[in-house]
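K.L.:
Sequence plus the predicted model coming up.
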Amino acid sequence: MDQQTPQYREENRRLQDTFEEIDRQRSDIGPVYRGQDFTEQLLEEKREESRQRLALLNNDPYFGRLDFREDGKTEPQPLYIGKRGMDLKKTGEPYVIDWRAPVASLFYSFTGGEAPVEYEAPEGIIGGDVHLKRNLSIRDRELQRVVDSYERGGDNIGLNDEFLLYKLGDKKDNRLRDIVSTIQAEQDQIIRAPRYKALIIQGAAGSGKTTVALHRLAFLLYQYQQQIKAERMVIFAPNTMFLDYISGVLPELGVGNVKQTTFAEWATDRLNANVRLAPGTTEGNVWFSLEGKRPAINDETPGRFKGSLAFKAWIDDRLTELESQFLGEQMQPFEAWDGRALSVEVIREWFEVEYRHYSLASRRDRLTARINRWLEMQLNTIGDPKIRKDKSKTGKQRLRAYTNKLPKADALEFYKSLFAPPSSGSDATPIPGKIVKETQAYLKKGYVQPEDLPALVWIHYRFNGAENLIFDHVVVDEAQDVSPFQIALLNAFMNEPSFTILGDLAQGIHAYRGVQRWEELSAVFDDEHNSYHVLQQSYRSTLEIIEFANRILSHTDTGLPPAVPVFRSGDPVDIVRLDNQEERLPFIRTFLEDNRERGMRTIAIIGRTDEACIRLHEELQAGGIDANLISEGQTQYRGGVTIVPVYLAKGLEFDAVLVADAGERQYALNPQDAKLLYVGCTRALHRLTLYSYGNVTPLIS
Ligand SMILES: Nc1ncnc2c1ncn2[C@@H]1O[C@H](COP(=O)(O)OP(=O)(O)OP(=O)(O)O)[C@@H](O)[C@H]1O
C-alpha cells in the first residue's frame, strides 16, 4: 500500500501514538532496584518482566488489526494484535492485544465473508462481525506495509493471501522464525487446542509443523499461566543441530527455559551415566550407505521390535514377576545373632503390604533401613556394653550379607537378564534369536544401542518412579522416527497426557526404528486424549517445487495425498545432465554464483551419502569454494553454503537446493529412496536443481 494512502497515514499516526505510550510506560517503571529489601526484590521481578515486554513491543509493537463489532454494540472496535499485550496506562483499556488472547483467535480464524463470527472467552461465547482485517509490517520502528486482507462490503478477491505470499517470499538465514503475523486457520486450531490432549499431527513437508508446535508452547504458557511452567515443558527433536536451528523461535515469542533435547540425551541422563552408547554404529553407515545391502525392515528389525508396545508389555510382565517374587520363596528369617531372629512373616508384611505403594528401589531401601532399626532396638535391650558391642558387630555383618542377597533394583542388570538364556520352567522369550544374540554381544562389551534406551529408562522408572520429573507438556518433533515405547515412556512422566506429536510419514526415512502408521502411536492413549490432525497445505516451497515433490511422494508406500501448495510461483525445477566428473566443479560454481545473484542467502548441496558429501566438500575446497560440511553428531547449523547428506537434511530449509547426483543408482525406484529424495527436494524454498550423470532417478519420471 502506497505511503500516501489514507490507510497508511492513519496507521502511521497510530504507530507513533503507540511508541509514545511505550516510552511513557518505560520511563514510569524507573531504575533497576539493587537493594536487599525482600518486597522490593519481588516487585523488581515484576518490573523486569514489564521492561522486557515493553522492549519487545518497542521493536515491533503489532502486526495486525481487526475491526470487530461485538453483538449488542453499535460500532466496531479496532483491535491491534501483537506478540505481547499492553494496556493504556491511563484507562487500563487494552491497547495492543497479545496474539494468544482469546479475542485474537478471530484474527486467525477469520477467512472472509459477512457471516457472523464468534470466539470463546473465559466468560463464554462472544459473537459479532468483522469489518476489517489488516496486516501491518513494521520493521525497525517504521511502518513498511499496510495490506488489507478483508474489508466489509468490499470485493476482497485474492486479498487474503497477499501478505502471506509477501512473507513467504523472504530469503532465510540460519534460523527458523516465528509466524505470529500469518498463522493460518488450520494451524491456529492446533496451536489453541486444549491442554490435555495427545495431538498427533500428520503434516506435509513445509506445512509448518515445527513452527506450529513452538507457537503452541507459547500459547499454553499464556493460557495456563498458573498451572504450566516453561521448565516443565520439553521439546524432543532428532538431533542437536536441529535444536540449534529452531532455538530462535521461542525467545522471539518471549518464552524462555523450555528444555530442548534429544531422546538419547534425556534417556542417558535418566540412567545416571550408568550405560554407555555403543560407538561407531552411526546410522548413516548402516542405513543410508550405498555399499552393501540394506537390511529388510519388518517387525523383527531391532529398532522396530525394541520400540514396540508388545516388547513393553512383555517387560512389564517380567517386572511384575520380579516384584511378586522379590523376597523369594526360599527366604529365611533374619538372624541377628544366634537366638535373636526377625521372622519372614514380619519382613514380608513390611515389604509387601506397608511399602507396597513405593517404587521397588525405595521399598528395598526402606526394608533395609527398617531391619536395621529393628537390629538397633534389639541391641538396646542388652545391658552389658561389651556384649552389646560384640553382638552389634555380628548383627551388622549378618544384616549386610542378608540384604546383599535381595535382588538389586538396577535397570541395566535387569535388562541384561532379559537377554540371558531362559531358566528351565520359565516361558520362552519372545525376542527374536538374532536380536538376543546381537544385544548380548553389545551388553557383554558394556554397551547398549539407541534402541535399548526406551526399555532401559522404562525399567529404571518402574524401579525408581518419576523422581519428581513431571512434564507439563511434551513436544515430539519428527515423530515418524520415534517408537510407541518411547511415547508410552514419556507419558509415564506426566500426570495426564499433554502432547504435541508431529511428523510426516512420507519423510519416514528411519522406518527401521520409527512408525509406519500413526495408529501405532495413538494406541498409547485412550480415546478421550487422542486427537489426530492433518496439515496438507505446504508453505515452504514454491508451487513448482511442491508439484515436483508430489511426484516423488507418490512412490513412497504411505498412500498420503499430495501436499497442497500456496499459490507462490517461482522458477521451474531444473534437471541437469552432466557427462562426466570434470563438469561438476564448474557446474556447481555457476550454480552458486547464479543463486547468489538472485539473492539466495542459504544454499544447500544435498548428497546421497556421508562419503559422497565428504568427497564433494574436498573437491569444492580444492576449487576454492567455501562450504560447511554437515556430518552426524554436528551441533550447529551455520547457514551460507552447506553440504549435507540427505538423511541429515530433514527439518532444515534453504533458499536454494542442489540435489547432487540424483541418478538411478542413488535414488532407485523403491519407497525408502523415494522418502530420501522427497526429503531432499522439499528442503528448498525458492529454487531447486538436480543433476545426474547418466539416467536421472526414475522417481521423478
Ligand atoms: N502460516 C505461515 N506463515 C508464514 N510462514 C509459514 C507459515 N507456516 C509455515 N511457514 C513457513 O514454512 C516453512 C516450513 O515450516 P516448518 O519447518 O515448521 O515446517 P515442517 O512441517 O516442520 O516442515 P518439514 O516436515 O519439511 O521439516 C518455514 O519457513 C515456516 O516459517
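P.N.:
Here it is on my side, so go on.
K.L.:
longest strand of this structure?
P.N.:
strand 124-139 (DSSP state E).
K.L.:
That strand - which strands sit beside it in the sheet, and in what orientation?
P.N.:
Counting by DSSP bridges, the strands paired with strand 124-139 are strand 64-70 (antiparallel), strand 117-121 (antiparallel), strand 142-151 (antiparallel).
K.L.:
Next, the buried residues of the longest one.
P.N.:
Neighbour counts using 16 or more other C-beta atoms under 10 Å place Leu143, Arg145, Val146, Val147, Asp148, Ser149, Tyr150, Glu151 of strand 142-151 among the buried residues. The way it works is simple: take the backbone N, C-alpha and C, and place the C-beta from them, glycine included.
K.L.:
next one: the longest strand of the chain to chain centre, how far?
P.N.:
Distance of strand 124-139 from the chain centroid (C-alpha atoms, centre = their mean, to the nearest Å) equals 31 Å.
K.L.:
Could you do stretch 73-87 as well?
P.N.:
What separates the centre of stretch 73-87 from the centre of its chain is 33 Å, taken as C-alpha atoms, centre = their mean.
K.L.:
Also stretch 609-624?
P.N.:
Relative to the centre of its chain, stretch 609-624 is centred 31 Å away, using C-alpha atoms, centre = their mean.
K.L.:
Extract the C-alpha trace of that stretch and format it as PDB.
P.N.:
C-alpha atoms of stretch 609-624 as PDB (Å, rounded to 0.1, in the frame of the first residue of the first chain):
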ATOM      1  CA  THR A 609      25.600 -40.400   1.400                       C
ATOM      2  CA  ASP A 610      28.200 -39.200   4.000                       C
ATOM      3  CA  GLU A 611      31.000 -40.300   1.800                       C
ATOM      4  CA  ALA A 612      29.700 -38.600  -1.300                       C
ATOM      5  CA  CYS A 613      29.400 -35.300   0.700                       C
ATOM      6  CA  ILE A 614      32.900 -35.700   2.100                       C
ATOM      7  CA  ARG A 615      34.300 -36.100  -1.500                       C
ATOM      8  CA  LEU A 616      32.300 -33.200  -2.800                       C
ATOM      9  CA  HIS A 617      33.400 -31.000   0.000                       C
ATOM     10  CA  GLU A 618      37.100 -31.800  -0.700                       C
ATOM     11  CA  GLU A 619      36.600 -31.100  -4.400                       C
ATOM     12  CA  LEU A 620      35.000 -27.700  -3.700                       C
ATOM     13  CA  GLN A 621      37.700 -26.800  -1.200                       C
ATOM     14  CA  ALA A 622      40.400 -27.600  -3.700                       C
ATOM     15  CA  GLY A 623      38.500 -25.500  -6.200                       C
ATOM     16  CA  GLY A 624      38.500 -22.500  -3.700                       C
END
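K.L.:
Output the set of residues of this protein in proximity to the ligand.
P.N.:
Applying C-beta under 6 Å from any ligand atom, we find that the chain lies next to the ligand at 164, 167-168, 177, 179, 182-184, 187, 203, 205-211, 504, 507, 539-540, 651, 653, 682.
K.L.:
Walk me through the domains of this protein.
P.N.:
Residue ranges for the domains of the chain, per the TED database: 6-170, 184-326+407-539, 327-406, 543-700.
K.L.:
Adding mean pLDDT, write the ones you listed out as TSV.
P.N.:
Formatted as TSV, the domains of the chain follow (pLDDT from 0 to 100):
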stretch	mean pLDDT
domain 6-170	90
domain 184-326+407-539	89
domain 327-406	92
domain 543-700	93
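K.L.:
His620: which element?
P.N.:
No His there; residue 620 is Leu. Element membership for Leu620 (DSSP states H and E) is helix 610-622.
K.L.:
Just the buried residues of that helix, please?
P.N.:
For helix 610-622, using 16+ other C-beta under 10 Å, the buried residues are Asp610, Ala612, Cys613, Leu616, His617, Leu620.
K.L.:
And the strands in the stretch 351-500 of the chain, which stretches?
P.N.:
447-448, 473-476, 499-503 (DSSP state E, counting those that start in this stretch).
K.L.:
Give me the sheet partners of the first one and which way each runs.
P.N.:
Meaning strand 447-448. Under the criterion DSSP bridges, strand 447-448 sits next to strand 276-277 (parallel) in its sheet.
K.L.:
Correct me if wrong: Arg388 contacts Glu376.
P.N.:
No - counting by C-beta atoms under 8 Å, Arg388 does not reach Glu376; the two are 10.7 Å apart.
K.L.:
out of these two, which sits in the busier spot?
P.N.:
When Arg388 and Glu376 are compared for neighbours, Arg388 comes out ahead with 16 against 11, by other C-beta atoms under 10 Å.
K.L.:
ok, for the more buried one, nearest residue in space, not its chain neighbours?
P.N.:
Nearest non-adjacent residue to Arg388, counting by C-beta to C-beta, 6 or more residues apart in numbering: Ile382, 4.3 Å away.
K.L.:
What about that neighbour, how many residues nearby?
P.N.:
16.
K.L.:
pretty sure it is touching Asp390, no?
P.N.:
No - applying C-beta under 8 Å as the test, Ile382 and Asp390 come out as separate, 9.1 Å apart.
K.L.:
wait, what's in contact with the residue in the chain that the ligand sits nearest to?
P.N.:
Closest approach between the chain and the ligand, counting by C-beta to the nearest ligand atom: Gly208, at 3.0 Å. Going by C-beta atoms under 8 Å, 6 or more residues apart in numbering, Gly208 touches Ile179, Gln184, Gln187, Leu535, Tyr539.
K.L.:
Need the max-distance pair from the residues you listed.
P.N.:
Pairwise distances among the contacts of Gly208 were taken by C-beta to C-beta; the largest, 12.9 Å, belongs to Ile179 and Leu535.
K.L.:
ok, the two, which is more surrounded?
P.N.:
Leu535 (24 against 19).
K.L.:
How about that one: which residues does it bridge to?
P.N.:
Gly203.
K.L.:
if I pick it, what's in contact with it?
P.N.:
Glu186, Gln187, Ile190, Ile201, Gln202, Gly203, Ala204, Ser207, Gly208, Lys209, Val212.
K.L.:
and the second one, what element?
P.N.:
Pointing back at Gln187 there. Going by DSSP H and E, Gln187 is part of helix 185-191.
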